[in-house]
Each structure stands twice: as C-alpha cells, then as structure tokens.
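Novice: no sequence for this one, just the structure:
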C-alpha cells in the first residue's frame, strides 16, 4: 500500500495508508481486506415474501432489498379483501418500526407489526392500497 500526505479535518497527516475499494461487499474495511462501495445495489426479493392469495386479490406489492444500506423498498398497488395476514416478511427484510397503511379513501387499514413481520388487514377491509416506501430494516 502506498503512503501519502493527507488533510483530515484541517490537519496534515503523514503516512496514512491508501485503501482501495472494490465493487463487492466482501471485506472488513481494513487495508488488507477493503470494504466495497456497492451501496446502490437493490435486489428484488418479492419471491421470498409470503403473500396471502386469499386476501390479496388483485395487483401486487414488490419488495427490493439493499444489503449494504439495510433498507427495504416496497412499491406497488393491490386489492385486499378481508381480515388477516396479507404479507409476512423474513426477519432480515423487516422494517424496524410499526406503521399503518390506509387506502386512498381512508376507510381501510393494514397494520405492519415489526415483531412478527406481518402486514395485517383489519376487519372489514375491502379496497386498494398503493405503497412506495423505503425503510430501514433488520438486515443481515
């Protein structure tokens, strides 16, 4: 590794080693094993999400995961009819906080429970739900 003069926080340092980064997420950030810089990589993980075909009767939500940033992105529109577990996420994809999604009319609701990873539609639900969310998740 090369050494050079560097300015850090207004101070000149001598002998700092240059760490070259690659495009993978392997490594631990040390000079011997640099951490990659591939933070813009989103992977569709929709097929890993459990969906209730009895409750989700039209449309779809799509799930994308960013391992480096520990983010889950959920986008799409669906029609949910009835009460129960509409979707269930594996632990690593679970957003960290509870939240509620309501349909455009504001009459029907789906609750997300971060302890179980379930999107649960409330009693009497019968409507379309549109989402475009990017949230921090448990990650790997």
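Specialist: Done, it's in. Keep in mind it's a predicted model, so treat the numbers as computed, not measured.
Novice: what about the one residue sitting closest to the centre of the chain, distance to residue 104?
Specialist: For the chain, residue 72 is the residue whose C-alpha lies nearest the centre (Cα atoms, centre = their mean; 1.0 Å). According to Cβ to Cβ, to the nearest Å, residue 72 and residue 104 sit 23 Å apart. (Each C-beta comes from the backbone N, C-alpha and C, glycine too.)
Novice: cool, and residue 121?
Specialist: Taking Cβ to Cβ, one finds residue 121 at 15 Å from residue 104.
Novice: How about residue 118?
Specialist: 23 Å.
Novice: Who has more neighbours out of the two?
Specialist: Neighbours per residue (other Cβ atoms under 10 Å) separate residue 118 from residue 104, with residue 118 holding more: 19 against 10.
Novice: and the gap between that one and residue 81?
Specialist: 17 Å.
Novice: now do residue 94
Specialist: Residue 94 is 25 Å from residue 81, where distance means Cβ to Cβ.
Novice: Please identify which of these two sits among more neighbours.
Specialist: Counted by other Cβ under 10 Å, residue 94 and residue 81 do not tie: residue 94 has more neighbours, with 21 against 16.
Novice: Give me the number of neighbouring residues for the residue nearest to that one when sequence neighbours are not counted.
Specialist: Closest residue to residue 94 apart from its sequence neighbours, by Cβ to Cβ, 6 or more residues apart in numbering: residue 117 at 4.3 Å. Using other Cβ under 10 Å, residue 117 has 21 other residues around it.
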